[in-house]
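Trainee: Show me the folded form of this:
(2 chains)
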2 protein chains.
Amino acid sequence: MSDTLASWNDGGARSAIIGFVDRITKAGTSDFVPSQERIAVFDNDGTLWCEKPLPIQADFLFRRLAQMVEKDPSLGTRQPWKAVVEKDYVWLGAAIEKHYRGDDSALKMMIGGLLQCYQGVSIEEFETTAGDFLRSAQHPVLKRPYLECTYRPMIELLRYLEANGFTCYIASGGSRDFMRPVTQGLYGIPPERVIGSTVALEYQEDASGGCIVHKPELDIFDDGPAKPVRIWSRIGRRPIFAAGNSNGDIQMLHYCSDPARPSFKLLVNHDDKEREFDYVAGAEESLKLAQQEGWTVASIRTDWRTVFSDTSLQG
Amino acid sequence: MSDTLASWNDGGARSAIIGFVDRITKAGTSDFVPSQERIAVFDNDGTLWCEKPLPIQADFLFRRLAQMVEKDPSLGTRQPWKAVVEKDYVWLGAAIEKHYRGDDSALKMMIGGLLQCYQGVSIEEFETTAGDFLRSAQHPVLKRPYLECTYRPMIELLRYLEANGFTCYIASGGSRDFMRPVTQGLYGIPPERVIGSTVALEYQEDASGGCIVHKPELDIFDDGPAKPVRIWSRIGRRPIFAAGNSNGDIQMLHYCSDPARPSFKLLVNHDDKEREFDYVAGAEESLKLAQQEGWTVASIRTDWRTVFSDTSLQG
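Mentor: Coordinates of the predicted model:
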């Protein structure tokens, strides 16, 4: 099968993945895992699509913050609106990085502003707005459509696992309802298999079937120790394959370790300055643990023959 | 197809169901609904299995409360332990019925006690305990195994919908993790398609893959207006078929009404004193709305040829 994981270079991570899949699909052996238990979970930002210089969702939300200032200029003197108006990407980026160092003050300020963005908006309206943005906006540095900032080797991996009886889920710190409009088209993952962060939602009666709207409260920030809980809550099974790229994925990767059977942990390492980005901020701990605990590290530079998907070549 | 819904009597609810399914599966018509959008949601207690004289889960939890009193007799003077020790089913039943009339005081007291039952217990232990109970305990009045207190016509309905391209979910006020150990066997519904109430869960690191344990807090009581929100959160689509039996299902049934396409609402009416139970308590509003809004009512007495499944006759 020379077509298997064709965007991956031979050896290294590719061999480890194929070896694992061969091992757990061989009926009659002690390592065999039945198909219904072949659950794989994938982080999204930095694992399935590019997350630098800022997560794609941050761009989406910042544009909305800017629209709010247009309507109410007085907001422009306060954070997070101030940073957006002044294009202060250092403040914005630092808010997320500080979070990884245990300081949530700026992140909370940002989230407070973001939650106001969609207060009272219905899930259908949000779906349309998010989908329209994702289908039209462009990456500010890579200068390609956001929908072509997905990683081709990882999409091949999703297909390869599915071809071997796996069911794949997204388990992301990003917003579930932001991703859902495009996950089927991008990854072949339908909305019911997208797990992520979410604002609080509220059901409101109306004359035609009722309506679910956004409340200005965070419900779940699906990162770190929240990930295994959300995975269990949604799936009711412990995954045997997990892929991530940051400290926020550590617990998810740990949780993918049923002592009674084989499991596979994949960490994507962003070390390719030429073709993508080269960074370890937010991934220091996970890279250390990968070494210590023998997780498989996929180096973008050396393991990936191609980095990005080119959707213009598809169908 | 004379085998279609064989436990349903001709006419009435059966004809309405078949008419709806025929209508939305005819390709090329304006009522056609693509297979991936054929989502059906089913309440569990009183819709898929018997909920009287008390929900099956209440029996499970009350036995645990009784065990707590055995260990610590001083608990026996306080509610809800007192009611359990004194077999005061009136107090226990009233706690649930009062909830439907807007008075949650007794229910909260009961839930407070119940949450203590499984504090610190892992999801795997709980799964084993719940599964063992369900596979061995017997209904106190019907004198048959709990697992044979499921409704055969409703299980036929699940299979019929699936044969017509539907994906069926349970959306229950009962505990998700209590049902999950048996839903595949009973209903052909795997754990990832079980939505329900849940206590708060917490991830704890350990040497072998980490562990998710119960906290002594209710996370979500999946009833009434919580049901549409939970359904959206899990599935990301609006159902076109919903079945329930009580006031707690009203919002779920309403939500199953996309104005742009056909939808079907089924309400099970417990009116069969001979073969099951005859009650309207907790269903008054839903029965009134069924009349007003033209939902289909399945009368157990007249629409169902057989009531209960007989698992001993199955493979």
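Trainee: Tell me which residues touch the closest residue to A:Asp303 other than its chain neighbours, please.
Mentor: Spatial nearest neighbour of A:Asp303, chain neighbours left out: A:Ala13 (4.6 Å); criterion: CB to CB, 6 or more residues apart in numbering or on different chains. From N, CA and C alone the C-beta is placed, and that goes for glycine too. Applying CB atoms under 8 Å, 6 or more residues apart in numbering or on different chains, we find A:Ala13 in contact with A:266, A:296-299, A:303.
Trainee: What about A:Gln138, how many residues nearby?
Mentor: Number of residues near A:Gln138 (other CB atoms under 10 Å in any protein chain shown) recorded here: 14.
Trainee: do the one 4 residues further on as well
Mentor: With neighbours defined by other CB under 10 Å, the count for A:Leu142 comes to 18.
Trainee: And for A:Trp304?
Mentor: Counted with other CB under 10 Å, A:Trp304 comes out at 23.
Trainee: Could you do A:Asp3 as well?
Mentor: If you count neighbours by other CB under 10 Å, A:Asp3 ends up with 7.
Trainee: what does the one 4 residues further on give?
Mentor: Using other CB under 10 Å, A:Ser7 has 19 neighbouring residues.
Trainee: Likewise for A:Ala6?
Mentor: If we define neighbours as other CB under 10 Å, then A:Ala6 has 14 of them.
Trainee: need the contact list for it.
Mentor: A:Ala6 sits next to A:156, A:305 when contact means CB under 8 Å, 6+ apart.
Trainee: Provide the secondary structure category for it.
Mentor: Here A:Ala6 is recorded as coil under DSSP: H, G, I helix; E, B strand; the rest coil.
Trainee: pretty sure A:Ala94 is in a helix, no?
Mentor: Yes. Counting by three-state DSSP, A:Ala94 is found in a helix.
Trainee: Now it: closest residue in space that isn't a chain neighbour?
Mentor: Counting by CB to CB, 6+ apart, A:Ala94 lies nearest to A:Ala106, which is 6.5 Å off, once chain neighbours are set aside.
Trainee: Which element, helix or strand, includes the one you found?
Mentor: Counting by DSSP states H and E, the element that carries A:Ala106 is helix A:105-117.
Trainee: quick one on the thing from earlier: and the contacts of A:Ala13, which two are the farthest apart?
Mentor: Spatial extent of these (CB to CB) is set by the pair A:Leu266 and A:Ser299 at 11.6 Å.
Trainee: between these two, which one's more packed in?
Mentor: Of the pair A:Leu266 and A:Ser299, A:Leu266 is the one with more neighbours under other CB under 10 Å, namely 27 against 16.
Trainee: I'd say A:Cys168 and A:Ile189 touch.
Mentor: Yes. A:Cys168 is within contact range of A:Ile189, at 6.1 Å (criterion: CB atoms under 8 Å).
Trainee: which neighbours do the two share?
Mentor: Counting by CB under 8 Å, 6+ apart, the contacts common to A:Cys168 and A:Ile189 are A:Leu158.
Trainee: A:Cys211 pairs with what?
Mentor: With DSSP bridges as the criterion, A:Cys211 is bridged to A:Gln204.
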